[in-house]
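In: no FASTA, just this:
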């Protein structure tokens, strides 16, 4: 028997605003309302169905600075530069965490400053 990662929790000030961003980035929708936030997942999905969901937990004091864990996203059915333009249009901003410029990924931050990386490899649209 083993465990599975079923959800990732991201502390934030404004779950509704961040849900709009992350739903557009991942193609997710709000699938649950928590007392202090929202649960995002694939359309029609629900907790434990095999997909990792994202919990946006409201807090007045989200942690700032480099976190020990971050999200990596990959383009799905497009190239990295096209996806970078889309993410930037959605509100992502470049982030500097000490990268050299030689990396194959791009470091970004969401509208609340949470870092994530856009990887190079297209994982396909399906």
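Out: Received, thanks. This structure is a prediction, so every number in the text was calculated from the model and none was measured.
In: let me know the secondary structure of residue 107.
Out: strand (DSSP: H, G, I helix; E, B strand; the rest coil).
In: partners of it in the sheet?
Out: According to DSSP bridges, the partner residues bridging residue 107 are residue 117.
In: state the distance from it to residue 39.
Out: 26 Å (CB to CB, to the nearest Å). Just so you know, the C-beta spots here come from the backbone N, C-alpha and C atoms, and that holds for glycine as well.
In: who's more crowded, the two?
Out: residue 39 (22 against 16; other CB atoms under 10 Å).
In: name the element the more buried one belongs to?
Out: strand 37-41 (DSSP states H and E).
In: and residue 23, by the same measure?
Out: Assigned by DSSP H and E, residue 23 falls in helix 15-26.
In: list the buried ones in that helix?
Out: Within helix 15-26, the residues scored as buried using 16 or more other CB atoms under 10 Å are 15, 18, 19, 21, 22, 23, 25, 26.
In: and of those residues, the nearest to residue 83?
Out: residue 25 (9.4 Å; CB to CB).
In: isn't that closest one up against residue 73?
Out: Yes: applying CB atoms under 8 Å, one finds residue 25 in contact with residue 73, separated by 6.6 Å.
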